[in-house]
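Colleague: Following is a predicted model, sequence given first.
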Amino acid sequence: MSGILVHQSLSELIRTGAIQALRPIGDGQIQPSSLDLRLGRQVWQLQCSFLPGPEGIARKLGRLATATYTTHRDTPLVLHRGGVYLAEVEEVLELPAHISGRANPKSSTGRLDVFVRLLTEQGYAFDTVPPGYRGRLFLEIVPQSFHVAVRRGDCLSQLRLASGPATLDSTELRELQGMRPLCSWSDNSPAPVIEGPVASILLSVDLIAQSGGPVGYQARRHQPPVDLQQRDLPAERWWNPLAQTPEAGHGQVLEPEQFYIFATRERLRIPPELCAELVPYDATKGELRTHYAGFIDSGFGWSEHTEEAGARLVLEIRTHDVPFLLEHGQPLFRLEFMRNEARPAVTYGAGSHYQGQGLRLGKQFTTS
């Protein structure tokens, strides 16, 4: 059956050597319908971003690398805000001819405003693994709001593999929305399906405070590095909470080149047989980048019990060039749904930091 490969299929690819690594791949890396990729030993600082093309990674590094660093499992390496880095990935692929892949940053990476993209050895596109790819993987890493401290083995990106077409068409998506909504409004009514080259559901931003809390957060610059392995960091050191502003029609004026965290009005319930992806923002709606981590694993916000409310998506926004008024309920991005090739042996569970979430910062931070 075609679709996104699930936990047990990924485990089999590891067992048979189609996914390899110098250090054993841990069970915790294998998600319901994706694989976490680990930071490898070597990191290069670059003059600029690039695509390898036929010249390949090694030749481009010979021209564009300005420094080389070695990562360790115990001692963190600080990647500086505004720097462009390329890092080895521990995992190596020897894929069968019918299997291809797509990558996204992990949620915690995106919520730190760390721009991460996957590269293959002679790739023509970011985050794309061609069918039957055999070779190494690399990550381009660009911290944009904070310095970040990383170690060898840290997971910054996730890879999903597919065999054949996986995207749901509009008929399938409407049927699922009618039976038990994958995406619903606050009153539990199903969000409408949007026609297009690929059927999707339009999601919008929530700027009405929940229980008196903030409606979002703005990153504070010029702070100490954020260590990806730390927990319980005081959020107020790195983030400014944003209060609801009724005088602006529940709107927020976003400043150019600043990073913000908001949440969607809609709630998601991704059943085990499906997964989902946030697709690129339509630039005709404003000069915003609306997400970094775009993949949503099977089981996110889902429960066997129909009364469960589901989970909101966290929305990462960076503005460009001019201030921009963001208003409550403003549509910002689309969600496409994909079928899995089978029901995964595990689903995105209650043990995750983001299961059942509302507005929430990365797992490194705690709010008072």
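Modeller: Structure received.

Colleague: Quick check: next helix or strand after the helix or strand of the chain with the lowest mean pLDDT?
Modeller: Ranked by mean pLDDT, DSSP states H and E, the weakest helix or strand in the chain is strand 288-289, scoring a mean of 60. Using DSSP states H and E, the helix or strand that follows strand 288-289 in sequence is strand 295-296.

Colleague: Who are the packing partners of that following strand?
Modeller: For strand 295-296, the elements it packs on are strand 274-278, judged by 3 or more CB pairs under 8 Å, 6 or more residues apart in numbering; DSSP states H and E. Yep, even glycine has a C-beta here, placed from its N, CA and C like the rest.

Colleague: Please, which helix or strand holds Phe337?
Modeller: Counting by DSSP H and E, the element that carries Phe337 is strand 331-339.

Colleague: which residues sit against that strand?
Modeller: 3-4, 162, 166-168, 173, 176, 182-183, 194, 196, 198-205, 268, 270, 273-279, 281, 285, 288, 290-291, 296, 313, 315, 317 (CB atoms under 8 Å, 6 or more residues apart in numbering).

Colleague: Helices - which of those residues land there?
Modeller: Leu173, Leu176 (DSSP state H).

Colleague: Buried only: go through the contacts of strand 331-339 for me.
Modeller: 3-4, 162, 166-168, 173, 176, 182-183, 194, 198-201, 203-205, 268, 270, 273-279, 281, 288, 290-291, 296, 313, 315, 317 (16 or more other CB atoms under 10 Å).

Colleague: how about the helices of the stretch 1-150 of the chain, start to end?
Modeller: Taking DSSP state H, counting those that start in this stretch, the helices of the stretch 1-150 of the chain run over residues 7-16, 56-64, 107-110.

Colleague: just the ones you listed: most buried one?
Modeller: Comparing the helices of the stretch 1-150 of the chain by mean neighbour count (mean count of other CB atoms under 10 Å), helix 107-110 ranks first with a mean of 23.

Colleague: ok now that one, how far from the chain's centre?
Modeller: What separates the centre of helix 107-110 from the centre of its chain is 6 Å, taken as CA atoms, centre = their mean, to the nearest Å.

Colleague: residues of stretch 157-166 that come out buried?
Modeller: Within stretch 157-166, judged by 16+ other CB under 10 Å, the buried ones are Ser157, Gln158, Leu159, Arg160, Leu161, Ala162, Ser163, Ala166.

Colleague: Which members of those residues are the farthest-apart pair?
Modeller: Across these, the longest distance by CB to CB is 20.8 Å; it joins Ser157 and Ser163.

Colleague: quick one: low-confidence parts of the stretch 151-300 of the chain?
Modeller: 246-250, 280-293 (pLDDT under 70).

Colleague: again, only this time at 80
Modeller: Applying pLDDT under 80 to the stretch 151-300 of the chain flags the ranges 186-188, 196, 210-212, 245-250, 279-293.

Colleague: Not counting residues beside it along the chain, what's closest to Ala311?
Modeller: Gly301 (3.3 Å; CB to CB, 6 or more residues apart in numbering).

Colleague: from memory Gln122 sits against Leu51, does it?
Modeller: No: judged on CB atoms under 8 Å, Gln122 makes no contact with Leu51 at a distance of 9.3 Å.

Colleague: if we can go back for a sec, could you tell me the phi and psi values at the residue nearest to Ala311?
Modeller: As for Gly301, its main-chain torsions (degrees, to the nearest 10) stand at phi 70, psi 10.

Colleague: State the pLDDT value of it.
Modeller: Model confidence at Gly301, given as pLDDT, is 89.

Colleague: can you offset everything so residue one is 20?
Modeller: All right, first residue 20 from here; so that's Gly320.

Colleague: how far away is it from Arg331?
Modeller: Separation of Gly320 from Arg331 (CB to CB, to the nearest Å): 8 Å.

Colleague: Need the overlap of contacts for those two.
Modeller: What both Gly320 and Arg331 touch, as defined by CB under 8 Å, 6+ apart, is the set Arg286, Leu287.

Colleague: follow-up on the earlier one: where among the helices of the stretch 20-169 of the chain is the average confidence lowest?
Modeller: Note on the helices of the stretch 20-169 of the chain: helix 126-129 shows the lowest mean pLDDT, a mean of 88.

Colleague: Name all residues that make contact with Val135.
Modeller: Contacts of Val135 by CB under 8 Å, 6+ apart are Pro124, Thr128, Gly129, Leu158, Glu159, Ile160, Val161, Leu175, Ser176, Tyr311.

Colleague: which ones are touching the fifth one?
Modeller: This means Glu159. Ser68, Val103, Tyr104, Leu105, Phe134, Val135, Arg136, Leu137, Leu138, Phe145.

Colleague: got a markdown table for those, with distance to Thr94 and pLDDT too?
Modeller: Converted to a markdown table, the contacts of Glu159 look like this (distance: CB to CB, whole Å; pLDDT from 0 to 100):
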| residue | distance to Thr94 | pLDDT |
| --- | --- | --- |
| Ser68 | 27 | 96 |
| Val103 | 22 | 98 |
| Tyr104 | 17 | 98 |
| Leu105 | 20 | 98 |
| Phe134 | 24 | 92 |
| Val135 | 21 | 94 |
| Arg136 | 26 | 94 |
| Leu137 | 25 | 97 |
| Leu138 | 26 | 97 |
| Phe145 | 29 | 95 |
